[in-house]
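Participant: Kindly return the folded structure for what I paste below:
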Amino acid sequence: MPYETGTLPLSHGHEMYWEQSGNPEGQPILFLHGGPGAGTNSNNRRFYDPEFYRIILFDQRGCGKSTPNASVDNNTTQHLIADIEILREFLGIEKWFVFGGSCGSTLALAYAQSFNNRCRGLILRGIFLCAKEEVDWFIYGMGRFFPEAWQEFSNTIPESKRTDLLTAYLNLLENPDPDINLPAARAWVSYEANCSSLQIKQNIFLDSNNTESILALARLEAYYLANNGFLKENYLINNIDSIRHLPGVIVQGRYDMVCPPTTAYCLASVWPEARIEIIADAGHSALEPGIRRALVKATEMMKKIK
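Facilitator: This is a model prediction of the structure:
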């Protein structure tokens with residue numbers, strides 16, 4: 001359980017929910033959730049020794065307990081980087097470890113490249129770099145392995161608009177009418193959930209029937225994907241030299257269909273100092289047994305960093 005929670009005012013009317021758990025005097029480690037729009041939950045505290053780490057979680061703009069919900073106004077990667085710095089300064093932290101998976105790995109890399117002097121090390125999982133080919137894979141490529149899931153996903157869109165599913169979905173998701181945006185949001189979240197894991201067939205969003213969370217995840221994901229994460233093509237690769245001095249661990253599922261291993265290998269090839277671990281029997285989910293063990297192993301390894 002968190003020992004402290006709170007909210008922070010941000011720019012343009014946004015407000016951030018944050019929490020701390022573990023050891024108040026421990027080494028700070030920041031968890032960055034994915035999506036964007038997934039928000040945080042209690043599972044996100046499971047990867048760290050609570051006696052050693054001061055574990056910091058926050059909900060990014062527009063999701064979780066942050067407000068306003070599902071808002072794409074003034075919501076970009078650059079805004080999120082600035083928000084992280086606001087939180088760090090508010091908590092009085094000089095440096096911290098940064099831990100992020102999926103789109104959380106994108107944000108972790110972007111933040112570290114902007115503020116490498118504030119990072120002790122990076123633990124990344126299920127790498128996503130916001131390249132156009134990755135976006136196209138998410139929308140169309142996963143269907144090669146999950147054709148039934150993709151068929152349901154595409155059937156939500158009128159046949160005449162299926163040549164550009166991302167734009168069609170974004171138009172539905174940004175519609176203010178719940179009778180229009182919620183069916184699209186459920187279809188989007190279901191598609192991703194059905195492609196995310198080899199071993200775990202559970203989705204906390206759909207299972208909870210929390211319509212606010214479902215809409216936030218789908219709308220923010222589609223919005224960020226349509227804008228390539230608000231990053232120039234190959235930006236994170238081209239700027240890797242700024243963080244090569246930092247300790248890094250990359251954990252990747254061999255059968256990750258959401259963020260295929262080729263992206264992790266691409267990152268590792270330009271960051272040879274980082275340690276990459278491919279989990280042979282895992283997909284995308286951080287909760288798959290092999291992924292979870294590797295992430296715990298990584299946080300244990302980071303204890304040695306001074």
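Participant: what's the longest helix in the protein?
Facilitator: Assignment by DSSP state H gives helix 178-196 as the longest helix of the chain.
Participant: what about that one, average pLDDT?
Facilitator: Taken as a whole, helix 178-196 has a mean pLDDT of 95.
Participant: could I get it in CSV with only the CA atoms?
Facilitator: Provided in CSV are the C-alpha atoms of helix 178-196 (Å, rounded to 0.1, in the frame of the first residue of the first chain):
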residue,chain,number,x,y,z
PRO,A,178,-20.7,7.8,-25.4
ASP,A,179,-22.9,5.8,-27.7
ILE,A,180,-20.3,6.3,-30.4
ASN,A,181,-16.9,6.5,-28.5
LEU,A,182,-17.5,3.6,-26.0
PRO,A,183,-18.2,0.8,-28.5
ALA,A,184,-15.1,1.9,-30.4
ALA,A,185,-13.1,2.0,-27.2
ARG,A,186,-14.1,-1.5,-26.2
ALA,A,187,-13.2,-2.8,-29.6
TRP,A,188,-9.8,-1.1,-29.5
VAL,A,189,-9.0,-2.3,-25.9
SER,A,190,-10.2,-5.9,-26.7
TYR,A,191,-8.0,-6.1,-29.8
GLU,A,192,-4.9,-5.1,-27.9
ALA,A,193,-5.7,-7.3,-24.9
ASN,A,194,-6.3,-10.4,-27.1
CYS,A,195,-2.8,-9.9,-28.7
SER,A,196,-0.9,-9.0,-25.6
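Participant: Now do it: which elements does it pack against?
Facilitator: Judged by 3 or more Cβ pairs under 8 Å, 6 or more residues apart in numbering; DSSP states H and E, helix 178-196 is in contact with helix 147-155, helix 165-173, helix 204-208, helix 211-226. Quick note: C-beta positions are derived from backbone N, CA and C, even for glycine.
Participant: Next, the angle from the first one to helix 165-173.
Facilitator: This means helix 147-155. Going by axes from the mean of the first three to the mean of the last three Cα atoms, to 10 degrees, helix 147-155 is angled at 60 degrees with respect to helix 165-173.
Participant: Then the last one?
Facilitator: Counting by the same axes, to 10 degrees, helix 211-226 points 140 degrees away from the direction of helix 165-173.
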